[in-house]
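Novice: Compute the structure for the input listed below.
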Amino acid sequence: MQDWLRTFWFESKDWLKVDLGIEGHHAHIYVGLVLFFAAAMLFRRHKHQMLWAWLFVFVLQSVNELLDARDWIYWTGMVNWSETSADYAATLFWPTTACFTWITYLQMVSPQWRFRRLS
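Specialist: Model (predicted):
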């Protein structure tokens, strides 16, 4: 496989850094939020729209990290686990916060959304 094809994913993300002026983990924060709210709009008619939106972001982040891991293995022979975990944290922190806030709000305003105790 040619070198340019192996690192295509990593290099294709450079436009965020160069053209938009977004650096490193900040890109994960912004892209995670945009994807989360876009998916929430997509699933807006579903009862668990925020959970589906969070799952959507998680799956896309996992694909991103798999492609990044492939590049890291090509360059160094191993995966950079500290960067991978930091990317997950940066991408999923605000969507997770929004999910828990939404669930808490629904529990306060609507009795049908309250979680039942397991007895």
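Novice: what about the helix or strand hosting residue 104, average pLDDT?
Specialist: Applying DSSP states H and E as the criterion places residue 104 in helix 81-109. Taken as a whole, helix 81-109 has a mean pLDDT of 90.
Novice: Can you give me the buried ones in it?
Specialist: 84, 87-88, 90-92, 94-96, 98-99, 102 (16 or more other Cβ atoms under 10 Å). (C-beta placed from N, C-alpha, C; glycine too.)
Novice: would a markdown table of those residues with distance to residue 32 be doable?
Specialist: Output for the buried residues of helix 81-109, formatted as a markdown table (distance: Cβ to Cβ, whole Å):
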| residue | distance to residue 32 |
| --- | --- |
| 84 | 15 |
| 87 | 10 |
| 88 | 10 |
| 90 | 7 |
| 91 | 4 |
| 92 | 6 |
| 94 | 6 |
| 95 | 6 |
| 96 | 10 |
| 98 | 10 |
| 99 | 12 |
| 102 | 16 |
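Novice: Which member of those residues is positioned nearest residue 70?
Specialist: Taking Cβ to Cβ as the measure, residue 70 sits nearest to residue 84 out of the buried residues of helix 81-109, at 11.9 Å.
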